[in-house]
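Participant: one predicted model, sequence on top.
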Amino acid sequence: MIVVENLYKTYPPQKRGMVATTALQQVSMTIRDGEFVCIVGPSGCGKTTLLHMVAGFESPSGGRILLDGQEIQGPGADRAVVFQQAALYPWLSVYDNIAFGLKLKNLPRSQYDAKVRQFLKIMGLEGFERHAPYHLSGGMQQRAAIARALITQPKILLMDEPFGALDAQTRNDMQRFLLELWQELRPTVLFITHDVEEAVLLGDRVIVMTARPGRIARDFEVPFPRPRAWELSLTPEFVAFKREVLSVLRPEVESAQRLA
Amino acid sequence: MIQSDGPSAQPLVAPAPTPARPAKWTSWILAGPAIPVLVLVMLVALWQLISSLHLFPPLILPAPLTVLREAGALLQTGYGGKTLFQDVWISAARIAMGFVGAVLIGVPLGLLMASSQAVFKAIDPILQFIRPVPPLAYIPLMVVWFGIGEVSKVMVILLGTIPIIIINAVSGVRNIPRQRLQVAQCLGATPYQVFRYVILPSALPEIFTGMRVGIGVAWTCLVAAEIIAATAGLGWLVQEAGQALQVGIIFVGIVAIGILGYLMELIIRAIERLAVPWKGH
């Protein structure tokens, strides 16, 4: 369980005469084990900052984040991160990229080979294991990055606009694929996106954040049963719900644009 | 008159297929060694023409054939008691020692400076001081301290090359995309593992860039040092020949210096291709 309590994040002024920026203000939320939570918000609302603090890359200026009752001290193998860019290591093959987390544990190859092959199969990357990652398409690279994150079986998967750089078709494929994967492995997911449709399709909850300083505008429970198919997004119920989320998000996006 | 684009404007006959790569021979010329060879031949021909016209006395501008004969003589009997191969060998050995020394000291130092603010602050001022001083300025000091033997040459090369190696190693580490490090941290990598499996390979392409620039500078430093104070080596050969007005030998020396410098660059590039095939990705 992730408990975020009254979280603040301020960045000191970058130059003399500038004011400090408050990225996050009074953010509190609870994420249950195995829950899929999507966060949407205007650019610069601090959603990535929030994810970085859960990952342990940054520390809060005020408040705290508890992970099963323990305050987060830094990055750890219990929380895997997938970024917008796949950030695969170009000097390693696809196989070695996926196996990276297991090799760090100094396990002999014989102990993890079957598992890597299983992930290559699930991810549709069979036959590409010896390729250099930069010879793969964007969608395949992102699948390899997800495999690398999930193979060590982290309890929590943190995803920062993971499909944002992909074309619409590939993004749809990846969403379907992620749903199936999550159904099977059931990690806790914190998923950041710009795309309300994506958030509603994937999440158990959709949290809308305000323009900077980021606060929680509204925390929606998504009412649609699982397993969800892509066709769900065509139903009137889906569209109505999406409109409701957008009615909270739009004013925030506009006020963020006025700020910028 | 502008025709309307109606159906009648469409051609009745399908257009002939566009000829496949009409300019095939031009791409062949561009790909092969034809152009550089042609330029070389033309330059030598021009040189032969000028010397045949006797515009300059042969003492100032010897003919290509004379130079070729000089080269043959240099290879067999040598000049000043040493054959061309011996001079090449001596120069190459000095470069190897000075340059390998600079890499062996510079790369770890650069990596250390990039990972520790304290080390960076300690070394950087010295580096910034050494860097703008032309290596030639060190030669008299090195000769006074270490004599005209091997040590002074190696030291000049070391001093001239090491700032380039260090600076590239530092920037190689500094330019690592942060996400590469974060991925490893999330997978539970220890600081040593992050260094060994992420920082080092990430910095390697820039380290090689430093080495490629460095080898050129090292070569320049060496030839300069040999011209000023040495008893052997290609720089010395050129200097000696100049004092004896042996222009043909100067030519041979300069060509040998050029070819060797180019060869060293090629060797580094070959190693680079083997070591960092992912460069640019």
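Facilitator: Looks like it arrived, so ask away.

Participant: which bits of the stretch 1-150 of chain A sit near chain B?
Facilitator: A:55-57, A:74-77, A:79-81, A:83, A:85, A:87, A:89-91, A:100-101, A:104-105, A:132, A:134, A:148-149 (C-beta under 8 Å from any C-beta of the partner chain). From N, CA and C alone the C-beta is placed, and that goes for glycine too.

Participant: skipping adjacent residues, who's closest to the closest residue to chain B within the stretch 151-260 of chain A in space?
Facilitator: In the stretch 151-260 of chain A, the residue that lies nearest chain B is residue A:152 (6.1 Å; C-beta to the nearest C-beta). In this structure, residue A:152 finds its nearest non-sequential neighbour in residue A:101, 4.0 Å apart by C-beta to C-beta, 6 or more residues apart in numbering or on different chains.

Participant: where does that neighbour land on pLDDT?
Facilitator: On pLDDT, residue A:101 comes in at 93.

Participant: before we move on, the earlier item: please check the residues of the stretch 1-150 of chain A next to chain B and keep the buried ones.
Facilitator: Using 16 or more other C-beta atoms under 10 Å in any protein chain shown as the burial test, the residues of the stretch 1-150 of chain A next to chain B include A:55-57, A:75-77, A:79-81, A:83, A:85, A:87, A:89-91, A:100-101, A:104, A:132, A:148-149 as buried.

Participant: among the residues you listed, which ones are in strands?
Facilitator: A:79-81 (DSSP state E).

Participant: what about the helices in chain B?
Facilitator: Here chain B has its helices, by DSSP state H, at B:24-31, B:34-52, B:64-76, B:84-115, B:117-130, B:139-146, B:150-174, B:178-186, B:191-194, B:200-228, B:234-243, B:247-275.

Participant: interface residues of the stretch 151-260 of chain A facing chain B?
Facilitator: A:152, A:154.

Participant: quick one: the helices in the stretch 151-260 of chain A?
Facilitator: Here the stretch 151-260 of chain A has its helices, by DSSP state H, counting those that start in this stretch, at A:168-185, A:196-202, A:236-259.

Participant: who are the packing partners of the longest one?
Facilitator: Using 3 or more C-beta pairs under 8 Å, 6 or more residues apart in numbering or on different chains; DSSP states H and E as the contact definition, the elements that helix A:236-259 packs against are helix A:196-202, strand A:205-209, strand A:216-221.

Participant: tabulate these (JSON lines), appending mean pLDDT, distance to residue B:163 and mean neighbour count.
Facilitator: As requested, these are arranged in JSON lines below (pLDDT from 0 to 100; distance: least, C-beta to C-beta, whole Å; neighbours: other C-beta atoms under 10 Å in any protein chain shown):
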{"stretch": "helix A:196-202", "mean pLDDT": "94", "distance to residue B:163": "50", "mean neighbour count": "23"}
{"stretch": "strand A:205-209", "mean pLDDT": "96", "distance to residue B:163": "48", "mean neighbour count": "23"}
{"stretch": "strand A:216-221", "mean pLDDT": "95", "distance to residue B:163": "52", "mean neighbour count": "15"}
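
Participant: which of the ones you listed sits closest to residue B:270?
Facilitator: Of all these, helix A:196-202 sits nearest to residue B:270, with 47.7 Å by C-beta to C-beta.

Participant: starting at the chain centroid, how far to that closest one?
Facilitator: Between the centre of helix A:196-202 and the centre of its chain there are 13 Å (C-alpha atoms, centre = their mean, to the nearest Å).

Participant: what's next to it, contact-wise?
Facilitator: The contact list for helix A:196-202 (C-beta atoms under 8 Å, 6 or more residues apart in numbering or on different chains) reads A:36, A:38-40, A:163, A:171, A:175, A:178-179, A:191, A:193, A:206, A:222, A:224, A:228, A:230, A:232-233, A:238, A:241-242, A:245-246, A:249.

Participant: rewinding a little: next step: the residues of the stretch 1-150 of chain A next to chain B restricted to helices.
Facilitator: Per DSSP H, the residues of the stretch 1-150 of chain A next to chain B map to helices at A:55, A:100-101, A:148-149.

Participant: how about these in CSV, adding distance to residue B:223?
Facilitator: Below are those laid out as CSV (distance: C-beta to C-beta, whole Å):
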residue, distance to residue B:223
A:55, 54
A:100, 46
A:101, 51
A:148, 50
A:149, 54
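
Participant: pull the contacting residues for the residue of the stretch 151-260 of chain A closest to chain B.
Facilitator: A:77, A:80, A:101-102, B:187-188.

Participant: again with residue A:71
Facilitator: A:64-65.

Participant: give me the phi and psi for it.
Facilitator: Per-residue torsions, residue A:71: phi -70, psi 140 (degrees, to the nearest 10).

Participant: distance of it from residue A:79?
Facilitator: Residue A:71 sits at a distance of 14 Å from residue A:79 (criterion: C-beta to C-beta, to the nearest Å).

Participant: over to residue A:42?
Facilitator: Taking C-beta to C-beta, one finds residue A:42 at 25 Å from residue A:79.

Participant: again with residue B:170
Facilitator: 31 Å.

Participant: what number of residues lie near residue B:69?
Facilitator: 13 (other C-beta atoms under 10 Å in any protein chain shown).

Participant: for it, give me the pLDDT.
Facilitator: 88.

Participant: the bottom helix or strand of chain A by mean pLDDT?
Facilitator: helix A:168-185 (a mean of 88; mean pLDDT, DSSP states H and E).

Participant: those residues of chain B touching chain A, which are they?
Facilitator: So chain B meets chain A at B:177, B:179-180, B:182-190, B:193, B:197-198, B:201, B:204, B:276, B:278, B:281 (C-beta under 8 Å from any C-beta).
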